[in-house]
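Undergrad: how would this look folded up:
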Amino acid sequence: MVEPVPEVFARLKRNFAAVADRVTLVNAAIADRDGTAPFYLLARSRDTEVEVLDVFGSMSQDAVRRSGELFVARAERRTIQIEVQTLTFESLCERYGVDRIDLLAIDAEGYDAEILQQVDLRSLRPRLLCFEHLFLDRAAFGLCRERLERAGYETLSEQRDTWCLDTTISDRLTSLWRGLSPGANADSILPNDR
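TA: Alright, predicted model coming up:
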């Protein structure tokens with residue numbers, strides 16, 4: 001599990017302490033380079049719950065402002081920048097010996113397309129992949145979906161996320177997958193032309 005914000009990472013460590021021998025936690029952001037980079041989040045205030053603000057951190061300043069405006073007054077003025085440790089997706093996998101992925105869940109508040117682009121779909125081949133499309137523009141969302149579908153994934157968009165299954169494997173999971181349908185009107189939840 002990867003989490004760049006130190007305060008949120010500390011809570012994550014406490015929450016997963018009972019299974020620390022089975023879950024690796026990494027205090028970094030996935031970015032285009034190893035090192036450090038600016039990361040944006042909303043400043044705390046007396047009128048906002050800490051847990052609400054935790055969902056608004058991103059490498060994309062614009063995404064933090066847009067998502068923050070849904071829940072917090074004057075989000076633009078409350079956006080702050082911190083420096084966080086960064087790793088590329090490849091470096092993360094090399095450092096922790098990841099050579100196979102069953103499930104990859106990306107929820108990076110508008111930076112999902114950049115992370116997804118780094119995933120080698122041939123060698124790692126996640127069986128099930130999920131990325132948040134809510135803060136992607138229509139063009140970025142389309143490119144993500146097109147890349148995954150060309151690689152043999154079927155996609156299903158629902159609410160804020162797009163689920164993708166490697167259906168080149170003919171098994172019970174693929175059969176069950178093909179019986180699914182979105183629980184919400186897909187057109188109302190897909191990215192718009194921002």
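Undergrad: give me the secondary structure label for the residue lying closest to Leu180 once chain neighbours are set aside.
TA: Leaving aside its sequence neighbours, Leu180 sits nearest to Leu156 (Cβ to Cβ, 6 or more residues apart in numbering; 6.0 Å). Using the backbone N, CA and C atoms, a C-beta is placed for each residue, glycine as well. Here Leu156 is recorded as strand under DSSP: H, G, I helix; E, B strand; the rest coil.
Undergrad: now do Thr174
TA: Classified using three-state DSSP, Thr174 is helix.
Undergrad: what residues are up against the residue lying closest to it once chain neighbours are set aside?
TA: Leaving aside its sequence neighbours, Thr174 sits nearest to Thr167 (Cβ to Cβ, 6+ apart; 4.8 Å). Each residue near Thr167 by Cβ atoms under 8 Å, 6 or more residues apart in numbering is listed here: 152-154, 174, 177-178.
Undergrad: show me which of these are buried.
TA: 153-154, 177 (16 or more other Cβ atoms under 10 Å).
Undergrad: quick one: low-confidence ranges for this structure?
TA: Confidence mapping of the chain against pLDDT under 70 gives the ranges 44-55, 67-76, 184-194.
Undergrad: domain ranges for it, per the record?
TA: 1-99, 100-194 (automatic domain parsing).
Undergrad: how distant is the first one from the center of its chain?
TA: Centre-to-centre, domain 1-99 and its host chain are 10 Å apart (Cα atoms, centre = their mean, to the nearest Å).
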